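Enquirer: give me a model of this one.
(2 chains)
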Amino acid sequence: MTTAQAMTAPPARMTDDEPRARFRDLLAAEWLKTWSLRSTSWMYAITALAVIGFNAGTAYDHYKYWYQYDDRGRASFVANGSPLMDAFTGNAAMVLVLAVAAIGAVSITGEYGTGLIRTTFTAVPARRSVMAAKALVLTAVTTLFGALVALASFVSTQAILSGRDASVTLGHPGALRLVVASALLAPVAALAGLAIGAVIRHTGGAVIGCVVVLLLLPMVLSDRRHLTAVLQHTLPFSAWERLSASDLHAPVLYPWTVSGAWTVYVAWALLAGVVATVAVHRRDQ
Amino acid sequence: MIEVNGLTKRYGTATAVKDLTFTVRPGEVTGFLGPNGAGKTTTLRMLLGLVEPTAGTATLQGRPFREHPRGLRHVGALLDAGDVHGGRTARAHLAMLARSNSIPRSRVDQLLQDVGLAGAARRRVGGFSLGMRQRLGIATALLGDPPVLLFDEPLNGLDPEGVLWVRGLFRRLAAEGRTVFVSSHLMTEMEHTADRLVVIGRGELIAAESLTAFAARSTRLSVTVGTPDPAALAPLLTAEGAEVVRDGDRLTVTGLTAARIGELALDHHVLLHELTTLGASLEEAFMELTADSVEYLAGDPR
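Expert: So this is what the prediction gives:
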């Protein structure tokens, strides 16, 4: 049978009769790459449960200990924007950032760690196209994921608070902004993770880098001095805090605008996409 | 066709590959030999554009590999069977690579069949033996039906049946007019596989020639002598200037021809059972040539 195969085998192609290189093939390949690992689905599922759990848990606390509020507290619960604070808490945002940034980082450090990167770049020598496809697929998946998690959090928390007549709808001032800002925090963090992973190329180092840049820096930079406040305002987690805070709680010492915070989101996403794409081009693999 | 010209790679002060120049022709299997650490893998990575040379050029079919936006139809490469993600199934691994190069899905199943992994297609690669990973790597290399094929130590971990299959495959690929370049650190692996050899040591070219020309380089011819009375024969041979190694009732003699040994035995009435001249072995030629360039020598105190 093998001889028959050898006899009928076509002669090796010596001409460039290959189909034109299409970017959407790379998108499809990265899509397959994403979902052919069981860990991907698990990571997203566990993150979703943790984030929604944190938010619903906080709302349930308010529901359960509602009797501890006096009449004035109950009356001002909605006016103070408390239902929105429950809809996406700071803890949930931290969990989301950490998990999604790690997913983004591992999507490239996983290739370096296993050596798959050499197989990938041998199959597709246009390295920047590979990374651009990776960044786009990651953006699409995490945006959808962020939207689902943010909406599920909003719906579940408000359903719990409605038991005390203390819920709001998406039409409430700041509600839609909170949901969108929380949803988009996912792709921004994921792209930052991808960029950090592409530069550091080791999973452990990249995850530590993500924690430092995305979570630690916004915490240690004080918003009580002008310089550190300005620096802090350039970070995505601070931008989320600005966007999620109702205007009642907006920082007063060094105030910054909502559109400024949106700009930080966009700038980080674009910059991270560029860094991830360029980082692999020149270095030896 | 692979053309390497003045290829050099330095890492700081260490030189991994130094001024390599050679050509690998289509239609033949060319072995790429060298001791561990000789620079074989670095050279192959430079051929694929994964590592940027410090100086010199490497072209495949006349073009640097990185000029191609997609690679699988130009070069098939098995650099390291471990260059896969253990969490994917064999089929998913090939499918995503095929997709990136617009290669139809049917080709994936066909190749899994061809390399003998059809039964393991849905198993995750993490659970594969080294031999199975080598087969998967070979399937990866063949995905795009490329004219140039590079294999880095493809026989590692394969069972005897697998070794035979791979040798047949290389011959078939070469017979189809493809350029087949196979690295190894064991001469014996190449002996039955390659038509030509490129030999390097410490990053420098030692030889680039046909297998027969390479074998002729060995200076040491030896004769095996079987006798019931080795104790009587050995001193006679040594007296004639030969080097004699005794192993039971067999002597391995270097420095004397079989004819002269026969004469001596007849003159002194020593009975012989066996008298065989051993051709220069490729292994010895390889060892002699690379003796000065072995990077990690056992017992070497440096």
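Enquirer: quick one: low-confidence residue ranges for chain B.
Expert: Along chain B, segments meeting pLDDT under 70 span B:216, B:218-221, B:279-282, B:293-302.
Enquirer: outline the domain layout of it.
Expert: Domain ranges of chain B: B:2-215, B:222-279, per automatic domain parsing.
Enquirer: as a check, name the ranges of all strands in the stretch 101-250 of chain B.
Expert: Applying DSSP state E, counting those that start in this stretch to the stretch 101-250 of chain B gives strands spanning B:148-152, B:179-184, B:196-201, B:204-210, B:222-226, B:243-247, B:250-254.
Enquirer: for chain A, what's its nearest residue on the stretch 151-300 of chain B.
Expert: As assessed by C-beta to the nearest C-beta, chain A sits closest to residue B:178 within the stretch 151-300 of chain B, at 4.3 Å. All C-beta atoms are positioned from the backbone trio N, CA, C, and that covers glycine.
Enquirer: burial count for that residue?
Expert: 24 (other C-beta atoms under 10 Å in any protein chain shown).
Enquirer: skipping adjacent residues, who's closest to residue B:120 in space?
Expert: If the residues on either side of it in the chain are set aside, residue B:120 comes closest to residue B:90, at 6.0 Å by C-beta to C-beta, 6 or more residues apart in numbering or on different chains.
Enquirer: what about the one you found, distance to residue B:168?
Expert: Distance, residue B:90 to residue B:168, using C-beta to C-beta, to the nearest Å: 22 Å.
Enquirer: the two: who's more crowded?
Expert: Comparing residue B:90 with residue B:168 by other C-beta under 10 Å, the one with more neighbours is residue B:90, at 27 against 14.
Enquirer: so that one is in contact with residue B:111, correct?
Expert: No. Using C-beta atoms under 8 Å, residue B:90 makes no contact with residue B:111, being 9.9 Å away.
Enquirer: which neighbours do these two share?
Expert: residue B:139 (C-beta atoms under 8 Å, 6 or more residues apart in numbering or on different chains).
Enquirer: give me the distance between residue A:164 and residue A:174.
Expert: 20 Å.
Enquirer: hang on, I meant residue A:157
Expert: Noted for residue A:157: a distance of 14 Å to residue A:174, by C-beta to C-beta.
Enquirer: the two - which one has more neighbours?
Expert: Using other C-beta under 10 Å as the criterion, residue A:157 and residue A:174 rank with residue A:157 on top: 28 against 20.
Enquirer: for the more buried one, which non-adjacent residue is spatially closest?
Expert: Nearest to residue A:157 is residue A:59, by C-beta to C-beta, 6+ apart, at 3.9 Å.
Enquirer: neighbours of that neighbour, how many?
Expert: 28.
Enquirer: for it, give me its contacts.
Expert: A:86, A:87, A:156, A:157, A:158, A:160, A:161.
Enquirer: neighbours of the second one, how many?
Expert: Just to be clear, that refers to residue A:87. 31.
Enquirer: thought it was touching residue A:155?
Expert: No. Shown here, residue A:87 and residue A:155 do not form a contact pair, counting by C-beta under 8 Å, at 9.1 Å.
Enquirer: residue B:20 sits in which helix or strand?
Expert: Taking DSSP states H and E as the criterion, residue B:20 maps to strand B:14-24.
Enquirer: how about whichever helix or strand comes after that strand and chain A, touching?
Expert: The helix or strand immediately downstream of strand B:14-24 is strand B:29-33, counting by DSSP H and E. No. Applying C-beta under 8 Å from any C-beta of the partner chain, one finds strand B:29-33 separated from chain A by no less than 13.6 Å.
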